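> Predicted structure and sequence below. I'll ask about it afterward.
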Amino acid sequence: MLELVKAGGWPMIPLLMLSAAGLAIIVERFWALRRGAVLPPGLGAEVRAWAARGRLDPAHIDSLRSTSPLGALLAAALDTRNRPREEIRERVEDVGRHIAHRMERYLSALGTIAAAGPLLGLFGTVVGMIQMFLGVMDYGVGDVNQLAGGIGKALVCAATGMIVAVPALMFHRHFRARIDGYIVQMEHEAIALMDVIDPRNRRAAAGGAASALPEDALPAQG
């Protein structure tokens, strides 16, 4: 490996830096986008149970907000639980956009690495070819070492650029797809919570409970 780096010459330095940056972003995003960290199992059902029992004091909501991106989204719905459903939905959508932006952190940089890798590899190829032609001008076509050195530098840089770009592109699309899936599931949990805290649903549930009481349990009329 070290011999290949030496053969590529100085154009390998930016390629190695891109490779290190891409690897760091991939590891960090894998850790940050774990399912358990974004969508803790059972959290949506637990919050709906809180809402159904009326356990919605500020301490519970603040604690929920700090647990995970899903917790922050559900806390946003609970903050506006006494407002019309459309206002709750707008608040959830606003907070959801901020959460999606945070989950997509560094993905633009990873996409840039995927695009820049082949270009830097091409740059190294051009440098190698220039070196080869300069050697031909100085020593003629009989110096095989000069020709081999220039061609080797060109091929090593081109291959390294592709090695850097292909994993970066694959993981960039993988993380995008994972975030899209998380967003869909968070929207589902938010809608289920809005159904629980909707004042119309609560009134309907209360009316149904009252109608289910026996007649002698109702207050006497007149």
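Ah, there it is. Numbering: from 1, shown residues only.
> Tell me how many other residues surround residue 27.
Residue 27 has 10 neighbours, counted by other C-beta atoms under 10 Å. To be clear about C-beta, it is placed using only N, CA and C from the backbone, and glycine gets the same treatment.
> name the helices or strands packed onto the helix or strand harbouring residue 151?
Using DSSP states H and E, residue 151 sits within helix 144-197. Using 3 or more C-beta pairs under 8 Å, 6 or more residues apart in numbering; DSSP states H and E, the elements in contact with helix 144-197 are helix 2-8, helix 12-32, helix 43-53, helix 69-79, helix 85-103, helix 107-139.
> how about a cut-off of 10 Å?
Under the contact criterion of 3 or more C-beta pairs under 10 Å, 6 or more residues apart in numbering; DSSP states H and E, helix 144-197 touches helix 2-8, helix 12-32, helix 35-38, helix 43-53, helix 69-79, helix 85-103, helix 107-139, helix 199-211.
> Nearest to residue 151, out of those?
Nearest to residue 151, of all the helices and strands packed on helix 144-197, is helix 107-139, at 6.1 Å by C-beta to C-beta.
> Taking helix 12-32 as reference, get the angle to the closest one.
Helix 107-139 and helix 12-32 meet at an angle of 160 degrees, taking axes from the mean of the first three to the mean of the last three C-alpha atoms, to 10 degrees as the criterion.
> What angle do helix 144-197 and helix 107-139 make with each other?
Using the same axes, to 10 degrees: helix 107-139 against helix 144-197 is 170 degrees.
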